[in-house]
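Enquirer: Task: produce atomic coordinates for the following.
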Amino acid sequence: MPPPNVSKTVTFAALHAFTKDAFYAAGLSDADASAGADVLATTDAWGVFTHGTKALAGYLRRLHAGGLHPRGVPRVVAEGGAWATVDGDSALGLVTSVFAVQTAMAKAKQQGIGYVGVRNSCHFGAAGYYSWLAAREGLIGISMANDIPSVGAPGSRGPITGSNPISYAVPAGRYPPMLLDMSTATVAGGKVYAARMRGESIPDTWLMGADGKPTTDPSGYPQIGALQPAAGHKGYGLSLLIETLSGILSGAAFTWRVGNWMWDDGKQSTNHGAAFIVIDTNAMLPAAQFAGRMEALIEEIHQAPLADGAAQLRVPGEIEWERYDRSMTHGIPLPEDVVANLRKAAEITGRPPNWLK
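Expert: You can find the predicted model right below:
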């Protein structure tokens, strides 16, 4: 079903073209503008509207202010057989991340596995996109990144780690890739902020107050309190692994050293970190055999007994792929908040498309 607050429905091609044009107008090369547009438009086609073109205006603001370099060139600054470190040159984080995962894919095809750490980057959008780039070539992709702290830890009175997303995508034979993309917080900060703007209370599992205790009052967020970690100490522990692989090992900034890409003046580089791990399953198991085993796993889950009231069991990504297919056939149903942010992007470029007017 489409989101309940659909404001505009637009074709993938039209949304991609507008986004590419906006990036190109901000100084990116044609290839980089197209790469960035594909990340954001694909994310919207999956129905993950928090990380798609809603962020376009924010990226354009930083490109114009100088915190992102329109002609930045990501490059490998150190490498071995199965690993590399990439310096993003403060280019658009989407562009740097595509370059980095492609580097990890090349390493995996040579060595069976590849790790690439990224420094001097910025917000990279939806982690799942980069994992999917690997999966569509028959590889297992794992993507992650760090961010400025917004999530507490068990016992803390404020933020300790970023929301530090992690994703994986696994090729699955005749099925779409199994795809998970998750934050290590209980809920996206945007949902807490939206509740604040509407004057609504929130579940007591979303946010901790200034005293470190669960709260149902979002009125002080994000200046006061912190998001709760997913599954308590488990999400906190996973977030620290992501911080290690993305920030510490890569040489990027970590925790409070990471710049705030959303709320600062946009003039400074944020030095976000990211990490990409790619596995070539064919190096360990013939591709056809791996595909058959993945198909058997998915079918076993689909056929498992259901609890009362449950319609079906799914594996991660199935909902997103269903949305993707609908988006490609019927257009992408953009919610009101996404359209509002696209209008901001159009104001920056001075070239609003007809479908956005």
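
Enquirer: so which strand or helix has residue 346?
Expert: helix 336-349 (DSSP states H and E).

Enquirer: For residue 297, see how far away the residue nearest to residue 290 when sequence neighbours are not counted is.
Expert: Leaving aside its sequence neighbours, residue 290 sits nearest to residue 281 (C-beta to C-beta, 6 or more residues apart in numbering; 4.6 Å). No exception for glycine: its C-beta is placed from N, CA and C like everyone else's. Distance of residue 281 to residue 297, given as C-beta to C-beta, to the nearest Å: 13 Å.

Enquirer: gap between the two ends of stretch 181-199?
Expert: Using C-alpha to C-alpha, to the nearest Å, one end of stretch 181-199 lies 29 Å from the other.

Enquirer: Then stretch 76-94?
Expert: End-to-end distance of stretch 76-94: 16 Å, with C-alpha to C-alpha as the criterion.

Enquirer: Can you list the buried residues in it?
Expert: For stretch 76-94, the neighbour count (16 or more other C-beta atoms under 10 Å) marks 82-94 as buried.

Enquirer: Can you give me the distance of the residue lying closest to residue 120 once chain neighbours are set aside to residue 268?
Expert: Excluding its sequence neighbours, the residue lying closest to residue 120 (C-beta to C-beta, 6+ apart) is residue 88, at 4.6 Å. Here residue 88 is placed at a distance of 14 Å from residue 268 (C-beta to C-beta).

Enquirer: cool, residue 226 as well?
Expert: 24 Å.

Enquirer: One more: residue 209?
Expert: As for residue 209, its distance to residue 268 is 30 Å (criterion: C-beta to C-beta).

Enquirer: Compare those two (neighbour count), which wins?
Expert: Legend: neighbour count by other C-beta atoms under 10 Å for residue 209 and residue 268, higher for residue 209 (18 against 15).

Enquirer: Identify the residues contacting that one.
Expert: Contact analysis of residue 209 by C-beta atoms under 8 Å, 6 or more residues apart in numbering lists 215, 217, 220, 224-225.

Enquirer: Compare residue 281 and residue 297 and say which one has the larger neighbour count.
Expert: residue 281 (20 against 16).

Enquirer: Pretty sure that one sits against residue 140.
Expert: Yes. In terms of C-beta atoms under 8 Å, residue 281 counts as a neighbour of residue 140; the distance is 6.1 Å.

Enquirer: re earlier: as a markdown table, the buried residues of stretch 76-94 with secondary structure, pLDDT and distance to residue 19 would be great.
Expert: Output for these, formatted as a markdown table (DSSP: H, G, I helix; E, B strand; the rest coil; pLDDT from 0 to 100; distance: C-beta to C-beta, whole Å):
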| residue | secondary structure | pLDDT | distance to residue 19 |
| --- | --- | --- | --- |
| 82 | coil | 98 | 34 |
| 83 | strand | 98 | 32 |
| 84 | strand | 98 | 28 |
| 85 | strand | 98 | 29 |
| 86 | strand | 98 | 24 |
| 87 | strand | 98 | 25 |
| 88 | coil | 98 | 20 |
| 89 | coil | 98 | 22 |
| 90 | coil | 98 | 20 |
| 91 | coil | 98 | 16 |
| 92 | coil | 98 | 12 |
| 93 | helix | 98 | 15 |
| 94 | helix | 98 | 10 |
